[in-house]
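S.K.: can't give you the sequence, but here's the structure:
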């Protein structure tokens, strides 16, 4: 049974299938396909990989200088070129595709992506990424909302408008929405109808009157954007919370919520925040109310951040509420290991 | 899991293919799903667990990795990441393959991931002749067959010699 791998024999070709698959998945698809030319054994290895990533690393020429045209190519020829490759790969591929990434900085939303998602959804896709940058936000096809085997969903520059019959994604654990067009209500419904959701990242430059998060299984939450009001409910398992409100002209309804937000987070370990820390249109009344809320919490023997180990506060601008909030965190955290405070550059 | 926490200080003995025995703390051994399953299924820790596919040199490396990851708290992720990248640096291909096979056999996902990533990084962006040389893969295609395979997957070879 003794087996030594000497460094002069061909070991790689005889690795177990699951290791070979893993190695091929961990390189760009273009490189994985190129291994077909190594030897006969390698010819079809790439065709069975369970993850396909159509991204800039694989679909944009590594040596564009060779192919550079005088005028930049138009969207139609870019799209045709990308999809010729995508269809070629899909037709040659064998077996299930539980994970697919479409992340192309040059591609605009189009009917061909609809077809791709419709096909994947009827084949039990589990992890789907659709990241776009150009053109109008891409309107996701209705079949996406029926993908009940999805565990991971990552969308960028898309329109998320589910039908009224949408029941949520029952198996999703990871959800990332970046610059996705969605209403406050649809967002709240989506999050509360994903019972297994553990990790949620949401970033948007649109303004939201209200962001409500009710997710009892959530462990990691990151929010960046313009939120007039924010409420996090039932986050009994939340260990990492990052909150970056983008601007103060909208403000959060009521600055008391900074302190109030910490109430429902019994196992919080990491807290990352960015300014502005004064909300509610910065009226002096609201800042006083916020300071008072901090002082009440400070005086309360019941309030305690038992697990908070690490805090980062960015864009601090030396206001009263910031100092009170820091004081509160320092006084009430029993196991705090590090607190980083970064001032807003003036 | 409850029993494994209670018996945190227990040790168990692993035996490599070349007969060397390693005394390992239980919480370190639990980094391996294979060992975890063996311990869960009533396998007495007094027994010596033979690992007939893993030589002593590789097993020592594997256990070094497990110890580092078992002892570090989750807040030290940055430290673990730099440990991981140092761990495989300058390792020769033979040792790397032994390691990837051991990680696969012992079901140590993190170690399998970083070892496979290192192999993948060695392959990508290189002309296939160079990949063949590094890994001693013998080209059994005729020139015509090789040209046909390239033609089949033409898009992937654009810009490559």
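M.R.: Now that the structure is in, tell me what you want to look at. Values in this document were obtained by computation on a predicted structure and should not be read as measured data.

S.K.: Of all the helix elements in chain A, which one is longest?
M.R.: helix A:75-92 (DSSP state H).

S.K.: how about that helix: buried residues?
M.R.: If you call a residue buried by 16 or more other Cβ atoms under 10 Å in any protein chain shown, then helix A:75-92 has these buried ones: A:78-79, A:81-83, A:85-86, A:88-90. Glycine gets a C-beta too; all of them are placed from N, C-alpha and C.

S.K.: likewise stretch A:176-192?
M.R.: Using 16+ other Cβ under 10 Å as the test for burial, stretch A:176-192 gives A:176-177, A:179-182, A:184, A:187-192.

S.K.: Identify, from those residues, the entry nearest to chain B.
M.R.: Lowest distance from chain B to the buried residues of stretch A:176-192 (Cβ to the nearest Cβ) belongs to residue A:176, with 19.2 Å.

S.K.: Relative to its centre, which residue of chain B is most distant?
M.R.: residue B:144 (37.2 Å; Cα atoms, centre = their mean).

S.K.: what's the following helix or strand after the strand or helix carrying residue A:295?
M.R.: If you go by DSSP states H and E, residue A:295 is part of helix A:284-299. Reading on from helix A:284-299 to the C-terminus, the next helix or strand found by DSSP H and E is strand A:310-316.

S.K.: In contact with residue 15, which residues?
M.R.: In the absence of a named chain, chain A is used. A:23, B:97, B:100-101 (Cβ atoms under 8 Å, 6 or more residues apart in numbering or on different chains).

S.K.: looking at chain B here, not the other one
M.R.: Residues near residue B:15 by Cβ under 8 Å, 6+ apart: B:21-22, B:48-51.

S.K.: beta partners for it?
M.R.: In this entry, residue B:15 is beta-bridged to residue B:21, residue B:50, by DSSP bridges.

S.K.: From chain A, how far off is it?
M.R.: In this view, residue B:15 and chain A are 12 Å apart by Cβ to the nearest Cβ, to the nearest Å.

S.K.: tell me the secondary structure for residue 118?
M.R.: Since you didn't name a chain, this refers to chain A. Of the three states, residue A:118 takes helix under DSSP: H, G, I helix; E, B strand; the rest coil.

S.K.: not quite, I wanted chain B
M.R.: Using three-state DSSP, the structure places residue B:118 in helix.

S.K.: Contact partners for the one residue sitting closest to the centre of chain B?
M.R.: When Cα atoms, centre = their mean is applied to chain B, the residue found nearest the centroid is residue B:100 (3.0 Å). Shown in contact with residue B:100 (Cβ under 8 Å, 6+ apart): A:15, A:19, B:112, B:115-116, B:119.

S.K.: Mind doing that once more with 7 Å?
M.R.: If you count contacts by Cβ atoms under 7 Å, 6 or more residues apart in numbering or on different chains, residue B:100 has them with A:19, B:112, B:115-116, B:119.

S.K.: Who wins on neighbours among those residues?
M.R.: Using other Cβ atoms under 10 Å in any protein chain shown as the neighbour test, these are led by residue B:115, with 29 neighbours.

S.K.: OK, contacts around it?
M.R.: B:88, B:96, B:99-100, B:103.

S.K.: Now it: phi and psi?
M.R.: Main-chain torsions, residue B:115, degrees, to the nearest 10: phi -70, psi -40.

S.K.: Show me the shaky parts of chain B.
M.R.: B:1-9, B:42-46, B:73-75, B:161 (pLDDT under 70).

S.K.: mind listing the strands for the stretch 101-250 of chain A?
M.R.: Secondary structure of the stretch 101-250 of chain A (DSSP state E, counting those that start in this stretch): strands located at A:127-134, A:138-139, A:152-156, A:158-159, A:174-178, A:199-208, A:211-214, A:220-227, A:230-233, A:240-245.

S.K.: Considering those strands, which stretch scores lowest in mean pLDDT?
M.R.: When these are compared by mean pLDDT, strand A:230-233 comes last with a mean of 82.

S.K.: That one - contacts with which helices or strands?
M.R.: Judged by 3 or more Cβ pairs under 7 Å, 6 or more residues apart in numbering or on different chains; DSSP states H and E, the packing partners of strand A:230-233 are strand A:211-214.

S.K.: Identify the farthest-apart pair in the buried residues of stretch A:176-192.
M.R.: Pairwise distances among these were taken by Cβ to Cβ; the largest, 22.1 Å, belongs to A:179 and A:192.

S.K.: tell me the average confidence for the longest helix of chain A?
M.R.: 90.

S.K.: and it, how far from the chain's centre?
M.R.: 26 Å (Cα atoms, centre = their mean, to the nearest Å).

S.K.: Outside of that helix itself, list whatever touches it.
M.R.: Contacts for helix A:75-92 (Cβ under 7 Å, 6+ apart): A:47, A:52, A:54, A:59, A:104, A:106-108, A:110, A:112, B:155.

S.K.: how does it look with 8 Å?
M.R.: Here helix A:75-92 has contacts from A:29, A:33, A:47, A:52, A:54, A:59, A:73, A:97, A:104, A:106-108, A:110, A:112, A:116, A:134-135, B:152-153, B:155, using Cβ under 8 Å, 6+ apart.

S.K.: Would you convert the buried residues of helix A:75-92 into a markdown table that also reports distance to residue A:307?
M.R.: As requested, the buried residues of helix A:75-92 are arranged in a markdown table below (distance: Cβ to Cβ, whole Å):
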| residue | distance to residue A:307 |
| --- | --- |
| A:78 | 49 |
| A:79 | 49 |
| A:81 | 51 |
| A:82 | 47 |
| A:83 | 49 |
| A:85 | 48 |
| A:86 | 46 |
| A:88 | 51 |
| A:89 | 46 |
| A:90 | 46 |
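
S.K.: Going by distance to chain B, which of these wins?
M.R.: Once Cβ to the nearest Cβ is applied, the member of these that ends up nearest chain B is residue A:85, at 4.7 Å.

S.K.: these two touch, right, residue A:134 and residue A:156?
M.R.: No - counting by Cβ atoms under 8 Å, residue A:134 does not reach residue A:156; the two are 11.2 Å apart.

S.K.: which of those two has more neighbours?
M.R.: Remark: of residue A:134 and residue A:156, residue A:156 carries more neighbours, 18 against 14, as counted by other Cβ under 10 Å.

S.K.: Which strand residues bridge the more buried one?
M.R.: Applying DSSP bridges, one finds that residue A:156 bridges with residue A:131, residue A:178.

S.K.: Relative to residue A:221, how far out is it?
M.R.: Residue A:156 sits 18 Å away from residue A:221 when distances are taken as Cβ to Cβ, to the nearest Å.

S.K.: On the pLDDT front, check the residue of the stretch 201-346 of chain A found nearest chain B for me.
M.R.: Scanning the stretch 201-346 of chain A for proximity to chain B using Cβ to the nearest Cβ identifies residue A:309 as nearest, at 5.9 Å. Looking at residue A:309, its pLDDT reads 92.

S.K.: what's near enough to touch it?
M.R.: Contacts of residue A:309 (Cβ under 8 Å, 6+ apart): A:269-270, A:333, A:335-338, B:75.

S.K.: Any chance of a PyMOL selection covering the buried ones in these?
M.R.: Buried members of the contacts of residue A:309, identified by 16+ other Cβ under 10 Å, are gathered into one PyMOL selection as follows:
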select buried, chain A and resi 269+270+333+336
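
S.K.: Pick out the most distant pair among the contacts of residue A:309.
M.R.: Maximum pairwise distance among the contacts of residue A:309 (Cβ to Cβ): 13.7 Å, between A:333 and B:75.

S.K.: okay, and the helix or strand of chain A with the least pLDDT?
M.R.: Among the helical and strand segments of chain A, the one scoring lowest on mean pLDDT, DSSP states H and E is helix A:64-67, with a mean of 50.
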